[in-house]
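Q: Based on what follows, work out the 3D shape:
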Amino acid sequence: MAAKFKSDFLNVLDQRGFIHQISDPEGLDALAVKGPICGYVGYDATATSIHIGNLISVTMLYWLQQTGHKAISLMGGGTSMVGDPSFRDDQRKLLTVEQIAANIESIKTVYGNILDYGGSNPAIMVNNADWLLKLNYVEFLRDVGRYFSVNRMLSFDSVKLRLDREQSLSFLEFNYMIMQGYDFVELNRRYGTVLQMGGSDQWGNIINGVDLSHRMGGPQLYALTTPLLTKSSGEKMGKSASGAVWLNGNLFSPYDFWQYFRNTEDADVEKWLKIFTRLPLDEIARLTTLGGTEVNEAKKILATEVTAIVHGRAAAEQSAKTAAATFEAGALDLSLPTAEVAKSELAAGIGLQAALVAAGLAASNGEARRHIQSGAVRLNDTATTDERATVSTANLLPEASSNSPLARRSTPSSSRFEPATLAQVFLPLRASSRPEGAKRCSGAFRGEEGTGVGVAGAVTPKTVG
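A: This next block holds a predicted model:
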């Protein structure tokens, strides 16, 4: 592929599909060739984890650092107290200082897995609470607020769409874009930062910072955004059957994360390999030439490489091993994700629909019912289409070892149970009209040509005594 830019940094981003818009491509390219530049991405701590959409921007910071430049991850300790209103229909829930601080601590480990905060060119993590919470309100209005045009702010899509829906936009939220713009100027003052990167939905907010620096007599700053990430089907990437694809393992397990990428649609394999992995482009080109069932090997490599970046190589390899044992060897691996249920519930019998929801394999009873009716669900590797079916102790699989960490049916001499564990047993998707449409989903599964997909698994309580 012919180089479009002169700088290694922009060429890497361009060739891997990261670039949607750049405020001044020629100027930024020339600056990156001249010497190391400093760039950042901001992250509000509105949850205990960031999600897969954020992984794209963190990866841009990775490539910024790898090409010899300075990377800053900005924690929104100050802006999180307001909340970004961009493309939302309602105001975000207001968080306390303590909640925000706890969220920041929770997500720090993710950045440490992806960026290098040591070494000869360490990344920097800073918190905008360090300056935003110390501002004098009246002075800030006079010194910064006067440079923002309300008319222009109302023209941004992130605001305009909200108002067009006749949804109110509070004065608190309206100040968010001023705060984000000021962050850019402040980071330039403190660290010489000249580049802010983010998703395409952040373009207006980032450009505010570029304009603010100009109006305040500061240096030329630059904006770079990534395209909205969608699957070839048109669906927005980042959702699983159980909700958002979080990067913290306690919210979305490494195994589920691995399975999420293993389920990649054939047409998206090349795109995701370029964006989410660090594999050389020539190796990616080789993998994307695989056809037929061989494309599944490329999907496994994709899943393992991305999981290794986020959760570590050991977790990635264990996830791949678990999937192989479950779906290729037909075994019930000990590390399959589980959901706990009380022994009394299991003894009484749990509706199959409720079990699917409890295991995070369907979002609602209605969705579970549709999967069952379509023939996409398997219980202990046996297909079932009875939407009134129940899961009980009768479905427990026998285990030879009395001290096995897996649940199993108890013998008369050991009838006491710990709280039961419900393995992620079934993961159906909608029935597919074409065989290649059958996919893997969160948890183990088997593809059924022309019928959909389902998961083999078991309800497995541990015995004691």
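Q: So residue 69 sits against residue 34, correct?
A: No - judged on CB atoms under 8 Å, residue 69 makes no contact with residue 34 at a distance of 11.4 Å. Quick note: C-beta positions are derived from backbone N, CA and C, even for glycine.
Q: out of those two, which sits in the more crowded spot?
A: residue 69 (21 against 9; other CB atoms under 10 Å).
Q: And the pLDDT at the more buried one?
A: Predicted confidence (pLDDT) for residue 69: 98.
Q: measure it to residue 178 for me?
A: Between residue 69 and residue 178 the computed distance is 28 Å (CB to CB, to the nearest Å).
Q: for residue 355, same thing?
A: Taking CB to CB, one finds residue 355 at 49 Å from residue 178.
Q: Is it correct that residue 126 falls within a strand?
A: Yes - using DSSP: H, G, I helix; E, B strand; the rest coil, the assignment for residue 126 is a strand.
Q: Pull the number of nearby residues for the nearest residue to it once chain neighbours are set aside.
A: Nearest residue to residue 126, sequence neighbours excluded (CB to CB, 6 or more residues apart in numbering): residue 74, at 5.7 Å. Residues lying near residue 74 (other CB under 10 Å) number 23.
Q: tell me the pLDDT at the residue nearest to the spatial centre of the chain?
A: Central residue of the chain (CA atoms, centre = their mean): residue 52, 1.6 Å from the mean position. pLDDT recorded at residue 52 is 91.
Q: Who are the contact partners of it?
A: 237, 238, 244, 245, 246, 247, 260 (CB atoms under 8 Å, 6 or more residues apart in numbering).
Q: Over to residue 44?
A: Contact analysis of residue 44 by CB under 8 Å, 6+ apart lists 76, 79, 80, 83, 84.
Q: for the residue lying closest to it once chain neighbours are set aside, phi and psi?
A: Spatially, and ignoring its direct neighbours in sequence, residue 44 is nearest to residue 76 (3.8 Å; CB to CB, 6+ apart). Note on residue 76: its backbone torsions stand at phi -90, psi 60 [degrees, to the nearest 10].
Q: Next, count neighbours for the nearest residue to residue 262 once chain neighbours are set aside.
A: Counting by CB to CB, 6+ apart, residue 303 is the residue found nearest to residue 262 once chain neighbours are left out, at 4.2 Å. For residue 303, the neighbour count with other CB under 10 Å is 26.
Q: Do I have it right that residue 303 meets residue 261?
A: Yes - proximity of residue 303 to residue 261 meets the contact threshold set by CB under 8 Å, at 3.9 Å.
Q: got the end-to-end distance for stretch 169-182?
A: In stretch 169-182, first residue to last residue: 20 Å (CA to CA, to the nearest Å).
Q: Return the set of buried residues in that stretch.
A: Neighbour-count burial for stretch 169-182 flags 169, 173, 174, 175, 176, 177, 178, 179, 180, 181, 182 (criterion: 16 or more other CB atoms under 10 Å).
Q: Distance from the chain centre to that stretch, please.
A: How far stretch 169-182 lies from its chain's middle: 26 Å, per CA atoms, centre = their mean, to the nearest Å.
Q: Show me the contact partners of that stretch.
A: Counting by CB under 8 Å, 6+ apart, 42, 78-79, 82-85, 91, 128, 132, 140, 144-145, 148, 153, 156, 159, 162-163, 204-206, 208-209, 211-212 sit against stretch 169-182.
Q: picking up where we left off before, correct me, but the residue nearest to residue 126 touches residue 45?
A: No - the pair residue 74 / residue 45 is not scored as a contact, 10.7 Å apart, by CB under 8 Å.
Q: one step back: okay but the residue nearest to residue 44 is in contact with residue 43, surely?
A: Yes - counting by CB under 8 Å, residue 76 sits close enough to residue 43 to count as a contact (6.1 Å).
Q: And the two? Which one has more around it.
A: Higher neighbour count among residue 76 and residue 43: residue 76, with 26 against 23, using other CB under 10 Å.
Q: give the contact list for the more buried one.
A: Contacts for residue 76 (CB under 8 Å, 6+ apart) come out as 42, 43, 44, 45, 127, 128.
Q: In JSON lines: these, plus pLDDT and distance to residue 14.
A: Shown next, in JSON lines, are the contacts of residue 76 (pLDDT from 0 to 100; distance: CB to CB, whole Å):
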{"residue": "42", "pLDDT": "95", "distance to residue 14": "23"}
{"residue": "43", "pLDDT": "93", "distance to residue 14": "24"}
{"residue": "44", "pLDDT": "90", "distance to residue 14": "28"}
{"residue": "45", "pLDDT": "90", "distance to residue 14": "31"}
{"residue": "127", "pLDDT": "96", "distance to residue 14": "31"}
{"residue": "128", "pLDDT": "96", "distance to residue 14": "29"}
